[in-house]
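> structure for the following, please:
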Amino acid sequence: MKCKVTVNKNTLFTEEGVSLYSALVPRGFGGACGGHGKCGKCKVKASGALSALTQKERDLLTNDEIESGVRLACMTYIEGDCDISYEEAGASQIRTDGDLREYVLSPSFVKYGAAIDIGTTTIALRLYDSAGNLISGQSCLNPQRSFGADVISRMEAALKGEAAAIAASIRNGVNELIKKAARGAGIDPHDIDGAVIAGNTAMLYLLTGEDVEPLTHAPFAAKRLFGCNVPASDIGLDAISENAVIYFPPCISAFIGADTTAAICSAGMYEAGGITMLTDIGTNNEIVLNDKGSFYACSTAAGPAFEGAGISCGMSGGDGAVDKVYLKDGKYRVRVIGDKAPAGICGSGIVDAVACMLDTEDLDETGYLEEDITLDENVTLTQKDIRAIQLAKGAVHAGIVTLLKTSGVKIEEVDTLYIAGGFGSYLDKENAAKIGLIPAELKDRITVTGNAALSGASLLLLSLPLRSECEAAVKKIKTVQLASNPLFVSEYAEAMLF
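So this is what the prediction gives:
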């Protein structure tokens, strides 16, 4: 039986017995766990013909929420006509800026070209003309979040038969972003005849329809590492010219993707002398070391804590997110994106909050929290949150130290630590060092590069000679495995402390 479902005053029709989560996914709705009943974040207000409240929902919702009609979408099933409302994702702080280093202009397109970075959380795009002028920049949340906040959840969904739907969602997202950028520039999107798409290995697999199964278990051997051109039609990008060619930069390994390659290009690491490092702190943290021309790289599974997932009040860096926490007169104070009432806390705010909690001694060096800490209205950090943060920051710190020790480089010899990505752009380096996210010895050698993956993709779009140089550099990189590395295990245990 078809049921009438009113969603934020819009009407849709769906079959009886479908979960609210499944009905809302086409609208871009999603929860951190991809609808598996683990995170408790797919909250909606619902009334009408719906399944009864489950005990698990009662455990995850407060009494006030239950009384006001809040339900968890993944545990609530449609039994007839109903009414649903929820707060749709607002504008996020997605970085599309970032200066380009000097390059030789030799574009891979004739009229217009698009540089695209597909991140786990967001998609960012820049549009250029053939003279190398930036004519538009756009960004949006990655629509794949409906299938889970992290890469693992999405790969699991793909293996359970959702691969085509996941690919369609990201392709549609990229197509819409291209159209939006073209409108902003006042051009016909079909005049875009070239593009570069960067992303981690899993994101590119999910976009192109590659089987992700080899990426889900040891020995994690990627069957395809890209570094190739494909027709736009092959991957369903019909918003641009049918003759457009898409370039995918090479991935380094199963867990070090084309986004890292592009970031290396953006920083000019393979051209610089001395000793430099680059890290992109996210769910999967990639680290690259250039020791005077000898390259090493590793990746650590930091988890999604610094992207807001897995944290009780966590959220991405959009309107309503606490992005900065500080102490005033011994009390916690917050800054909120968009000057709105706080709805949650994002990665940079989490780092600040933990640093402040160490200052007030609400938190000890072992990570013990005597009681939950309320930072502001609707924003509280719990002991469980602190443990997730410890796991994340410990992995990043241990990865940096292990890579240095493996290569024989002393930490004081590092000239520059490039921090790439949106999270890094808003990170307070003093607080990052205080909580042990990065080694304290490196805090004064940090250079924030913004969205280095997008800047690198832009360079690879605008300069064909750089492509050759970049591909040659990637072949020299030695990948350091950390999973069973006793040095990493030892460093990780130590780095868990604050």
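> buried set for stretch 485-496?
Using 16 or more other CB atoms under 10 Å as the test for burial, stretch 485-496 gives 485, 488, 491-492, 495-496. To be clear about C-beta, it is placed using only N, CA and C from the backbone, and glycine gets the same treatment.
> ugh, typo on my part, it should be stretch 476-483
For stretch 476-483, by 16+ other CB under 10 Å, it's 477, 480, 482.
> end to end on it, go ahead and measure it.
End-to-end distance for stretch 476-483: 22 Å, by CA to CA, to the nearest Å.
> now do it: distance to the chain's middle.
Taking CA atoms, centre = their mean, to the nearest Å, one finds stretch 476-483 lying 22 Å from the centre of the chain it belongs to.
> try stretch 127-145
When distances are taken as CA atoms, centre = their mean, stretch 127-145 is centred 17 Å away from the chain's centroid.
> as a whole number, average confidence for that stretch?
For stretch 127-145, mean pLDDT is 92.
> can you check stretch 203-216 too?
94.
> run through who's touching that stretch.
Contact with stretch 203-216 is made by 118-120, 144, 151-152, 154-156, 158-159, 163-164, 166-167, 170-171, 174, 197, 199, 201-202, 220-224, 226, 230, 234-235, 248, 251, 254-255, 257-259, as judged by CB atoms under 8 Å, 6 or more residues apart in numbering.
> and if you look at stretch 131-144?
For stretch 131-144, the external contacting residues (CB under 8 Å, 6+ apart) are 28, 89, 92, 94-97, 105, 107, 112, 118-129, 154, 166, 169-170, 172-173, 176-177, 180-182, 184-185, 187, 206, 316, 458, 462.
> next helix or strand past the longest helix seen in the chain?
Counting by DSSP state H, the longest helix found in the chain is helix 383-407. As assigned by DSSP states H and E, the chain's next helix or strand after helix 383-407 is strand 416-420.
> about what we covered before: now the angle from the longest helix of the chain to strand 416-420?
Orientation check (axes from the mean of the first three to the mean of the last three CA atoms, to 10 degrees): helix 383-407 against strand 416-420 gives 140 degrees.
> just the element for R171, please.
Using DSSP H and E, R171 falls within helix 163-185.
> check which element follows that helix along the chain.
Helix 163-185 is succeeded, C-terminally, by strand 192-199 (DSSP H and E).
> what about that following strand, average pLDDT?
Mean predicted confidence for strand 192-199 is 97.
> and that strand, what does it pack onto?
Contacts defined by 3 or more CB pairs under 8 Å, 6 or more residues apart in numbering; DSSP states H and E place strand 192-199 against strand 112-118, helix 163-185, helix 201-208, strand 245-250, helix 258-267, helix 452-462.
> so which of these is nearest A239?
Nearest to A239 among these is helix 163-185; the distance by CB to CB comes to 4.0 Å.
> gap between that closest one and the chain center?
17 Å.
> distance from the chain centre to the lowest-mean-pLDDT helix or strand in the chain, please.
One helix or strand of the chain scores below all others by mean pLDDT, DSSP states H and E: helix 422-425, with a mean of 78. Centroid separation for helix 422-425 versus its chain: 10 Å, with CA atoms, centre = their mean.
> following it, which helix or strand comes up?
Remark: after helix 422-425, the chain's next helix or strand is helix 429-434, criterion DSSP H and E.
> in that next one, what's buried?
Result for helix 429-434 [16+ other CB under 10 Å]: buried residues 429, 431-434.
> okay, who's weakest in those residues by pLDDT?
Lowest in pLDDT among those is K429, which has 92.
> my guess is that residue contacts R445. True?
No - using CB atoms under 8 Å, K429 is not in contact with R445; the gap is 9.7 Å.
> quick one on the thing from earlier: put the buried members of the contacts of stretch 203-216 into a ChimeraX selection.
Entered in ChimeraX, the line below selects the buried ones among the contacts of stretch 203-216, by 16+ other CB under 10 Å:
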select :118,119,120,144,151,152,154,155,156,158,163,166,167,170,171,174,197,199,201,202,222,226,235,248,251,254,255,257,258,259
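> domain map for the chain?
2-85, 112-270, 313-381 (automatic domain parsing).
> what mean pLDDT does the last one get?
Taken as a whole, domain 313-381 carries a mean pLDDT of 92.
> what's the first-to-last distance across it?
Using CA to CA, one end of domain 313-381 lies 7 Å from the other.
> state the distance from the residue nearest to L442 when sequence neighbours are not counted to M277.
Nearest residue to L442, sequence neighbours excluded (CB to CB, 6 or more residues apart in numbering): L417, at 4.8 Å. L417 sits 5 Å away from M277, going by CB to CB, to the nearest Å.
> those two: who's more crowded?
M277 (27 against 24; other CB atoms under 10 Å).
> next, the contact list for that one, please.
287-290, 400, 403-404, 414, 416-418, 442.
> just the buried residues of stretch 236-244, please?
236-237, 239-241, 244.
> now do stretch 104-118
Per 16+ other CB under 10 Å, stretch 104-118 contains these buried residues: 107-109, 111-118.
> so for that stretch, what's the average pLDDT?
In this model, stretch 104-118 has an average pLDDT of 96.
> C-alpha coordinates for it, CSV please?
Provided in CSV are the C-alpha atoms of stretch 104-118 (Å, rounded to 0.1, in the frame of the first residue of the first chain):
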residue,chain,number,x,y,z
VAL,A,104,53.7,26.2,-16.2
LEU,A,105,50.3,26.7,-17.8
SER,A,106,49.5,23.9,-20.1
PRO,A,107,45.8,22.9,-19.5
SER,A,108,44.3,19.6,-20.1
PHE,A,109,41.2,21.1,-21.6
VAL,A,110,40.2,23.6,-24.3
LYS,A,111,37.4,25.8,-23.0
TYR,A,112,36.8,25.1,-19.3
GLY,A,113,38.0,22.6,-16.8
ALA,A,114,36.9,21.4,-13.3
ALA,A,115,39.1,20.4,-10.4
ILE,A,116,37.1,18.2,-8.0
ASP,A,117,38.0,16.8,-4.5
ILE,A,118,35.7,14.1,-3.3
